[in-house]
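*Asks:* Here is my input, please return the structure:
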Amino acid sequence: MFWRVCFSLCLAGCVVGAPRNNNIGAQYLGAKYVSDPLGEGAGYDADPLIRDDAFDCVTFVETAMADGDVARLTKIKYKDGIVGFERRNHFIETDWLTNNADIVENISRRYGTTHVRNVLVDKRAWARALHGIDINASPTAASLEYIAYGDVKNINNSDALIVLFVVGAAPGNSKAPTDMAVAHMGFLLPGGRILRHASTGRGVVDDNFAKYIEMRRRMNNNIGIALVKIK
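*Replies:* As a prediction, this is how the structure comes out:
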């Protein structure tokens, strides 16, 4: 599911010691892909708070960032670290990047000419259409800086980066309950050659980044990537 790398947490909730090597998420290679495998452990979404045998693209990134620690994962996955469906960082553009701004930063402009994808997320409409529930949420706007596929050059990153795969606005006749800009995410390992991610139907795998980029570029409405630094 689209709406949804090792840290040490200080008591104040800050995150230090971000991974700088090829090991980020390596312990989960081969795990199966399951859409939306995590929840609050009770209530509306009673799926477990953490698991290590199955992931979607977002929960893989989050769990690897937390190094498999449920307390760390909770800090990343929920606003202010408070568990609750409405507090979960469902949308990368408006929730996840904003609520984790102390530990991640969009640094796309360091790696190429950038554009801006403006997005308006209607979380209330999304919750009604996909989950059949009402939540208290107003439409939220965000701007996401990204590199268009035609401008992506060789990326020789020294640290592991989070890579976001960006899509354009859905056509007016789309049945999607809300606009969104991020369709997929994973880790770009140091050197810029390997993408480690949870792939639909394949599980957690390493892919050649250049080949994967070319595949995404040919897909309808796929427009580019954003590169996110782990502070």
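*Asks:* how about the helices in the chain?
*Replies:* Across the chain, reading from the start of the chain, the helices by DSSP state H fall at 57-65, 70-77, 97-99, 123-126, 209-217.
*Asks:* Determine which stretch of those is the most buried.
*Replies:* helix 57-65 (a mean of 26; mean count of other Cβ atoms under 10 Å). Yep, even glycine has a C-beta here, placed from its N, CA and C like the rest.
*Asks:* quick one: average confidence on it?
*Replies:* In this model, helix 57-65 carries a mean pLDDT of 98.
*Asks:* Okay, now the unreliable bits of the chain?
*Replies:* Scanning the chain with the threshold set as pLDDT under 70 gives 1-20, 172-175.
*Asks:* what about the strands in it?
*Replies:* Secondary structure of the chain (DSSP state E): strands at 8-9, 15-16, 32-33, 54-55, 104-106, 114-121, 140-148, 161-167, 182-188, 194-199, 203-208, 222-230.
*Asks:* Pull the contacting residues for residue 191.
*Replies:* 156-157 (Cβ atoms under 8 Å, 6 or more residues apart in numbering).
*Asks:* try it again with 7 Å
*Replies:* Residues in contact with residue 191, defined by Cβ atoms under 7 Å, 6 or more residues apart in numbering, are residue 156.
*Asks:* Dump the strands of the chain to JSON lines, plus distance to residue 61 and mean neighbour count.
*Replies:* Output for those, formatted as JSON lines (distance: least, Cβ to Cβ, whole Å; neighbours: other Cβ atoms under 10 Å):
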{"stretch": "strand 8-9", "distance to residue 61": "17", "mean neighbour count": "16"}
{"stretch": "strand 15-16", "distance to residue 61": "14", "mean neighbour count": "16"}
{"stretch": "strand 32-33", "distance to residue 61": "13", "mean neighbour count": "16"}
{"stretch": "strand 54-55", "distance to residue 61": "9", "mean neighbour count": "22"}
{"stretch": "strand 104-106", "distance to residue 61": "10", "mean neighbour count": "18"}
{"stretch": "strand 114-121", "distance to residue 61": "19", "mean neighbour count": "17"}
{"stretch": "strand 140-148", "distance to residue 61": "16", "mean neighbour count": "18"}
{"stretch": "strand 161-167", "distance to residue 61": "6", "mean neighbour count": "25"}
{"stretch": "strand 182-188", "distance to residue 61": "5", "mean neighbour count": "24"}
{"stretch": "strand 194-199", "distance to residue 61": "8", "mean neighbour count": "24"}
{"stretch": "strand 203-208", "distance to residue 61": "11", "mean neighbour count": "17"}
{"stretch": "strand 222-230", "distance to residue 61": "10", "mean neighbour count": "23"}
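*Asks:* Quick check: which of those strands is nearest to residue 90?
*Replies:* For the strands of the chain, distance to residue 90 was read as Cβ to Cβ. The smallest value, 8.7 Å, belongs to strand 114-121.
*Asks:* Okay, angle between the closest one and strand 222-230 too, please.
*Replies:* An angle of 90 degrees separates the directions of strand 114-121 and strand 222-230 when computed by axes from the mean of the first three to the mean of the last three Cα atoms, to 10 degrees.
*Asks:* Could you list every helix and strand in contact with strand 114-121?
*Replies:* Helices and strands touching strand 114-121, by 3 or more Cβ pairs under 7 Å, 6 or more residues apart in numbering; DSSP states H and E, are strand 140-148.
*Asks:* Grab the CA positions of the strand it packs on and hand them over as CSV.
*Replies:* Backbone C-alpha positions of strand 140-148 (Å, rounded to 0.1, in the frame of the first residue of the first chain) are rendered in CSV as follows:
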residue,chain,number,x,y,z
THR,A,140,-3.9,19.2,3.2
ALA,A,141,-1.6,20.7,0.6
ALA,A,142,2.1,19.9,0.2
SER,A,143,4.9,20.5,-2.3
LEU,A,144,7.3,17.8,-3.2
GLU,A,145,10.6,18.6,-4.9
TYR,A,146,11.7,15.8,-7.3
ILE,A,147,14.0,15.1,-10.2
ALA,A,148,12.2,14.3,-13.5
